[in-house]
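Colleague: Sequence first, then the predicted structure, then my questions.
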Amino acid sequence: MSPIVLLRDRRARELAYQVICVAAVALCVWYLLRNALGNLAQQDIATGFAYLGREAGFIISETPIAYEPSDSYARAVLVGLLNTVKVSLLAIVLGTIIGTLVGIARLSRNPLLSRLMLFYVEALRNVPLLLYLFLWYAAIIFTLPPVKQAITLLPGVYVSNSGLVVPAVVWNSGFWALAVAAGIGLAAAFAWQAAAKRKRIATGKARPVWPVALGWFIAPVVVAALLFDVSAQLDWPELGRFRLTGGAHLKPEFVALLLGLTLGASASVAEIVRSGILAIGRGQREAAQALGLPEGLTMRLVILPQALRVIVPPLTNIYVTTFKNSSLAIAIGYPDLVMVSNNIMNQTGQAIEPIALFMLVYLFLSLTTSLLMNWYNAQVALKGR
Amino acid sequence: MAMFRTACRVAAAAMLLGSSVVAAEAATTLETVKARGKLICGVSMGTTGFALADAQGKFAGFDVDVCRAVSAAVFGDPNKVDFVMTNINTRFQVLQSGEIDILSRQTTMTYSREASLGIDFGPAVFYDGQGLMVAKSLGITTAKDLDGAAVCTLPGTTTAQNLADFFRATGKKFELVVFENPDENNNAFFSGRCDAVSSDRSDLASIRAASKSPDDYVILPETISKEPLAPAVRQNDSNWRDIVSWTAWMLMAAEEKGITQANVDEQLKSEDPEILRMLGATDDLGPMLGLDKAWGYNVVKHVGNYAEVFDRNLGEKTALGLSRGPNTLWNNGGLLYPPPFR
Amino acid sequence: MSDRTATLADQGLMRPPRQRNSLAKTYFGTPGNTVVTLVCLAVLGFAAKVAVSWLLLDAVFEGTPEDCKASSGACWPYLAAKMRYMLFGIYPFDEQWRPLLATLLFIAAMAISGIPRLWGRSLLVAWVALLPVLFWLMAGGAFGLSAVPTSQWGGLPLSFMLTFVGLVCALPLGILLALARLSNLPAIRVLAITFIELVRGVPLISILFMASVMLPLFMPEGMTIDKLLRAQVAIILFAAAYIAEIVRAGLQALPRGQTEAAQALGLHYWQYTVLVTVPQALKMVIPPLVSLFIGFFQDTTLVTIVGLLDFLNTVRTALRDPNWQGIAVLEGYVFAAVVYFVFSALMGAYSRFLEKRFRVGHD
């Protein structure tokens, strides 16, 4: 066939388009890579991930796992990642709780409350998160007193511009037995509740749920406490020469970031919860009221479970966004993944590898969150019968 | 849809206009600078005494004057410089990429930077070292007393590492808070979030000078690292590196020979043959580097000698109040040792 | 970063059932309601007290940094002293009327363009004429204005520019990406999905880092792109991925009949895409696009982290002035928050207005 005939053929044309497109993209990538390799070689810049094995040499101020400057860069990256996960997960949980409450309050028939909540949401959504982070951080370190004049909230609980310090509970090794037992107990309690519910639906007979479930939970814990030697000590903070020593510390960098992320997420969650509830037909509410359900129960048993189906997909977006927003930590000195990577970039002079690494991690986190939420979504979706 | 297509075209045009995509033919930096008619100099984001823009956007400081001196050497005019504020993270990249011609930004000359970052350093123009600063009210006289303190710092290449090493070597523990930018760092220190702040001693002096009451803070005597601060240029352009190096040395040599901004015209009639060579009255040192014969004269005339630059920006009469320390001439027991102009 | 699109689309959809009640019943109808009202009043009262004492009663209206230091209230002289720096950064002081004029022109043009009745070819022509003028005002270098390099641009005009140029350039790219993602050519679809998901899966800050640190390494030797443009490119790519998803939603919401009818008329792909589907889809997604615009206006603050002097960064760095160090820390941020709030809230209100209007149009 001549080329002109080929061009008339739809399939051939489509194939040609695709080949051209892929080739153009490949060419671009190849061109950029060639430039990069050429520049790196010409400027004697090291390449590769060999640096990960070398000694990091810098200190990280918050370490959820043991870390010393003599550890490797790889471990430093891991510490950063754990810090990212820690602050994001907390912000997601707190933001969801606050956001749900605000979202419901937005629909209150009391105009004062709904207006107040409207202002809350608007104030958070119309000002950049980064500005809030700077603002919260400045507010903490400038309005709270320095650590020497720390405010004593309760005995052993100190608030200062160096953060919140509380007595820490130090468990002995028996703690793990206790924790495992509590886990088993919790699972048993939930299993009982589910069984009781099935029974009730099948037979129409209500069985006592809470007393028995509580028993299921407490029994293993008591057994474990008797079998193993469980003891705990309180580690009281004390005023040292400079700082409070001992106890558990919540650093202001962490608090400011958590505050910013939580409030930001809560505003978005509130909007979604609100529109989710509005999406439920008015008939549902009226029917529930006609059955004599009080307002609280109507919300909990009728409206919210249905709204959940509308709410979950956009909620996924918010959770992923919160994860990504935690990268702003770098602005206020919380050692998250980006900040640690940035430090590594500074020390090694290598830019491409640390950036590529943390981008991959975020991609992975985003995709994992999406998958988890999709799975959950499938669980709560209407099941066709 | 036509509307839309037009919009695309507008966007493309705006991009072209707004961009300054410069595809330079493989010219030397000197040729590029001359063709552009301006030097582009990377300075810090605002450090009192080294590089700070005033309310009118006019830059002043020690690092700024180094660039002005190069501008005077190349153009005979100290003001043909555009200053670009560079971020501590990206300062080397902007130099590598050719966005700036000189990086004059309190940057420490180190082996690995010179070897692996695609840059070359000129001579050290300021001998510095990392130190620690605390509030006087703490009543501390030595860094060894800082056991258990919180220390704020910036993520310099080695700042955090030096601190870790220092405290490890002395067996002390401390809490390190690292900030991405100087504003949060300084705020955290002044508010008492940290007990001490650590940086190059000159930088500590500017932090102190920028505080409301500089007398409340004291820089501890320990110097925990060597930090020779030097201007940097792109690798593999030795002509340009020579120009920057010899401009820096010209400042020092002028001080050594007693040439000042005020007396440079008289010095043209000096008896000293080296002075005459420096100022371009005899011999043709300038053209060897592709510069004007009178480049040395221009540098001193417009910027002054090293002592004048130092005193103007960092010296005892300024807010920083730094003494010359090791930054005096070799014949006064200092480290400044300009090679001979011949 | 921008999750607004998902939520604003259904705003104002329904209102809670409303009954006409007496004032007393509305606020104090039941014991629970009374408690809610009282708590709200307490919160409001407390907020008002804090605000009034900080902004007015304890505030310093005239005076020196020392006066401000002595007082616990807001420091208005700080804002006055630093206002020009906050708004325009290190733009040459004597030339600052230029960014001021450019910003005012831009805001006026945006406001005029917001009137749907004026949408049309002539408005576009006006913008085409205006943009070079704005650029000339900022950059100068011709017709009697001195040249000001982009390294000295800063403040509010820079924030506007990053947002506006970012979205205007990202729009065509985003539309192409959306079309590619919906294409039935597998290779093209995969390329588009890869790009979109990749960009949406990572934080903007990582793309800005990439642009400011990595991009120079990918350029051929000797070619440089200035740092403002690099950040701008990052914002464009980032915005394009988000716009693509919005436009895709619009395209997918179109009734199939539109395409089928166009095909039946014998139009080929590009013809019916350009003439039929994309214009309709775009019209449908204007409200979420406006929301995206608000989101990106706020997201441009992230260029602060790579060292560009956008509005947030000029507000922050204004504090470097030794005279004010550590004195007026909150004032600047509060001022910036108010500015961002006003612009975002205005655009948000506009977005809701459009939504209402379009809904009316469709019913």
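Modeller: Yep, it's here.

Colleague: near chain A, which residues of the stretch 51-200 of chain C?
Modeller: Proximity of the stretch 51-200 of chain C to chain A, by Cβ under 8 Å from any Cβ of the partner chain, involves residues C:Leu185, C:Pro186, C:Ala187, C:Ile188, C:Leu191, C:Leu198, C:Arg200. For every residue, glycine as well, the C-beta is placed using N, CA and C.

Colleague: Next, find the distance separating the first one from chain B.
Modeller: Yep, that's C:Leu185 we're talking about. As judged by Cβ to the nearest Cβ, to the nearest Å, C:Leu185 and chain B stand 22 Å apart.

Colleague: What mean pLDDT does stretch C:226-239 get?
Modeller: Mean pLDDT, computed over stretch C:226-239, is 89.

Colleague: quick one: secondary structure of A:His249?
Modeller: strand (DSSP: H, G, I helix; E, B strand; the rest coil).

Colleague: shaky segments in chain B?
Modeller: Chain B contains residues with pLDDT under 70 at B:1-26, B:55-56, B:156-157.

Colleague: residues contacting residue 330?
Modeller: Answering for chain A, as no chain was given. The neighbourhood of A:Ile330, defined by Cβ atoms under 8 Å, 6 or more residues apart in numbering or on different chains, consists of A:Asp336, A:Val338, A:Met339, A:Asn342, B:Glu180, C:Ile205, C:Ile305.

Colleague: That was the other one, I meant chain B.
Modeller: B:Leu336, B:Tyr337.

Colleague: how close does it sit to B:Pro338?
Modeller: Counting by Cβ to Cβ, to the nearest Å, the separation of B:Trp330 from B:Pro338 is 9 Å.

Colleague: about what we covered before: include neighbour count and distance to A:Ala181 when you put the contacts of A:Ile330 into CSV, please.
Modeller: Converted to CSV, these look like this (neighbours: other Cβ atoms under 10 Å in any protein chain shown; distance: Cβ to Cβ, whole Å):
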residue, neighbour count, distance to A:Ala181
A:Asp336, 28, 34
A:Val338, 29, 39
A:Met339, 27, 38
A:Asn342, 27, 43
B:Glu180, 24, 45
C:Ile205, 27, 43
C:Ile305, 25, 46
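
Colleague: State the phi and psi torsions of A:Val169.
Modeller: With angles defined as degrees, to the nearest 10, A:Val169 sits at phi -90, psi 120.

Colleague: what helix or strand does residue 186 sit in?
Modeller: You didn't pick a chain, so chain A it is. Here A:Leu186, judged by DSSP states H and E, is contained in helix A:174-203.

Colleague: could you do chain B instead?
Modeller: Assigned by DSSP H and E, B:Asn186 falls within helix B:182-191.

Colleague: ok, which stretches of the stretch 1-150 of chain C are helices?
Modeller: If DSSP state H, counting those that start in this stretch is used as the criterion, the helices of the stretch 1-150 of chain C fall at C:4-8, C:23-28, C:31-52, C:65-70, C:76-88, C:97-113, C:121-139.

Colleague: Give me whichever of the ones you listed is most buried.
Modeller: helix C:4-8 (a mean of 23; mean count of other Cβ atoms under 10 Å in any protein chain shown).

Colleague: hmm, back to that, make a markdown table out of the residues of the stretch 51-200 of chain C next to chain A and add neighbour count and pLDDT.
Modeller: As requested, these are exported to a markdown table (neighbours: other Cβ atoms under 10 Å in any protein chain shown; pLDDT from 0 to 100):
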| residue | neighbour count | pLDDT |
| --- | --- | --- |
| C:Leu185 | 15 | 86 |
| C:Pro186 | 10 | 87 |
| C:Ala187 | 18 | 88 |
| C:Ile188 | 21 | 89 |
| C:Leu191 | 20 | 90 |
| C:Leu198 | 13 | 90 |
| C:Arg200 | 20 | 89 |
